[in-house]
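> Okay, sequence plus prediction incoming.
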Amino acid sequence: MSETGTPEEQQKKKSFFQRMKDGLSRSTRTISDGITGIFIRKKLDRATLDELEELLIAADLGIDTAASVADAVGKDRYDKEVTPEEIRGIVASEISKVLAPVAKPFAIDAEKKPFVVLMVGVNGAGKTTTAAKIAAKAKRDGKSVMLAAGDTFRAAAVEQLKVWGERIGVPVVTTKVGGDAAGLAYEALARAKEEKTDLLLIDTAGRLQNKADLMAELEKIVRVLKKLDPEAPHATLLVLDATTGQNAVNQVEIFGKIANVTGLVMTKLDGTARGGILVAIAQRFGMPVHLIGIGEGIDDLQPFDADTFARAITGAN
Ligand SMILES: Nc1nc2c(ncn2[C@@H]2O[C@H](COP(=O)(O)OP(=O)(O)OP(=O)(O)O)[C@@H](O)[C@H]2O)c(=O)[nH]1
């Protein structure tokens, strides 16, 4: 972590690191304790490197990352005494190298009025909560925000967004259950344009049982949005639940095909030992990762920072 900025900024950065560390503690324990177990009072050799590689695969980092990290750790260190701290530091810096190219802040272009964001992902991934968290942050930053409850299939999803809207003071555009999601998206964009809203977040349904239907629905939403603004949606965020591990990888594959995903948000990194999946996804798809969810609270969505994440998940100092 760089020590630049005012003491206040440094403090903020530190507490963020601490919160992320706390959130990721289950994932960290797997990797950090695993490294201690392998390398304590041992020389580095093929067997310990193989064990390290297995540990990283078990921690969901993916086969490619695990292999390249083990190679980097082994380089020039064969038959030398190493400490777990040293290994954690090297693993962290290798993970950081994988993550750095994909860590991109989520930017709302003030030139686009409204900046339209489509939230996609399977049911339960955290789309609705994430939309509310982004809305709350934008509002705090002085932007006017609107939410659209595009998951018209589930009354609970619409209700949930309404509750969030009330809590954070943001209007929520809804329609009746079973209503046309594209029609709702159109209506929301028309209203947001009229009211000169800065940011419009559109929640969508996430039924993956019928991919063709889901694709048709998402395409239709995009088509009608373009009638009002040819550049909309300006961002399509795929929300992924870290606790689902390898399933999250499949979801990137599927949604990458059916929606023009521009960036990823990974939720529920707190309370899971599978946080490494973010690294596997970064390595495999190279898609921008904007934000991570480390809790259910409104402030528990944080910008994704490669180095901070890599150090937190490995327990490196
Ligand atoms: N612990 C934790 N829980 C989260 C996080 N993000 C979302 N959740 C919880 O996950 C659950 C599902 O989130 P929703 O926002 O309802 O998910 P969704 O994708 O909109 O799902 P549907 O509404 O079913 O379509 C809720 O109980 C959220 O509070 C997170 O980062 N950490």
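Right, received. Where do you want to start?
> Can you report phi and psi for the residue in the chain that the ligand sits nearest to?
Closest residue of the chain to the ligand, Cβ to the nearest ligand atom: G293 (2.5 Å). Where you see a C-beta, it was placed from the backbone N, CA and C, and this is true even at glycine. Taking degrees, to the nearest 10, you get phi -100, psi 130 for the backbone angles of G293.
> L301 is in contact with that one, correct?
Yes: with contacts defined as Cβ atoms under 8 Å, G293 counts as touching L301 at a distance of 5.3 Å.
> Need the overlap of contacts for those two.
Residues within reach of G293 and of L301 at once, by Cβ atoms under 8 Å, 6 or more residues apart in numbering, are 130, 133, 265.
> In strands only, show me the residues you listed.
V265 (DSSP state E).
> would you turn the shared contacts of G293 and L301 into TSV with pLDDT and distance to D45?
Shown next, in TSV, are these (pLDDT from 0 to 100; distance: Cβ to Cβ, whole Å):
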residue	pLDDT	distance to D45
T130	96	45
K133	95	47
V265	98	41
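> Would you mind reformatting the shared contacts of G293 and L301 (as a markdown table) and adding columns for distance to the ligand while you're at it?
Written out in a markdown table, the entries for the shared contacts of G293 and L301 read as follows (distance: Cβ to the nearest ligand atom, whole Å):
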| residue | distance to the ligand |
| --- | --- |
| T130 | 6 |
| K133 | 8 |
| V265 | 9 |
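> Looking at the shared contacts of G293 and L301, which is nearest I35?
Looking at the shared contacts of G293 and L301 and their distance to I35, the nearest is V265, at 28.6 Å (Cβ to Cβ).
> which ones are touching the closest one?
Each residue near V265 by Cβ under 8 Å, 6+ apart is listed here: 126, 130, 237-240, 289-293, 301.
> rerun at 7 Å
With contacts defined as Cβ atoms under 7 Å, 6 or more residues apart in numbering, V265 is in contact with 130, 237, 239, 290-291, 293.
> would you turn these into JSON lines with neighbour count?
Supplementary listing: the contacts of V265 in JSON lines, determined by neighbours: other Cβ atoms under 10 Å:
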{"residue": "T130", "neighbour count": "22"}
{"residue": "L237", "neighbour count": "26"}
{"residue": "V239", "neighbour count": "26"}
{"residue": "H290", "neighbour count": "22"}
{"residue": "L291", "neighbour count": "21"}
{"residue": "G293", "neighbour count": "25"}
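> Look at V73 and tell me its secondary structure.
helix (DSSP: H, G, I helix; E, B strand; the rest coil).
> Surely it touches R88?
No: in this structure, V73 sits apart from R88 without contact. The criterion is Cβ atoms under 7 Å, and the distance is 10.2 Å.
> what about T236, how many neighbours?
Around T236 sit 20 other residues, with neighbours defined as other Cβ atoms under 10 Å.
> Give me the secondary structure label for the closest residue to it other than its chain neighbours.
Residue nearest to T236 in three dimensions, not counting chain neighbours: L118, with 4.5 Å by Cβ to Cβ, 6 or more residues apart in numbering. At L118, secondary structure determined by three-state DSSP is strand.
> Give the residue spans of the stretch 1-150 of the chain that score low on pLDDT.
Judged by pLDDT under 70, the stretch 1-150 of the chain has its weakly predicted residues at 1-5, 7-14, 16.
> which stretches of it form strands?
Along the stretch 1-150 of the chain, the stretches classed as strands by DSSP state E, counting those that start in this stretch are 115-120, 145-150.
> what residues does this protein put near the ligand?
Within the chain, the positions adjacent to the ligand are 121, 123-129, 151, 157, 160, 206, 239, 267-268, 270-271, 293-296, 300 by Cβ under 6 Å from any ligand atom.
> Can you turn the buried part of those into a PyMOL selection?
The command below creates a PyMOL selection of those among those that count as buried (16 or more other Cβ atoms under 10 Å):
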select buried, resi 121+125+126+127+128+129+151+157+160+206+239+267+268+270+271+293+294+295+300
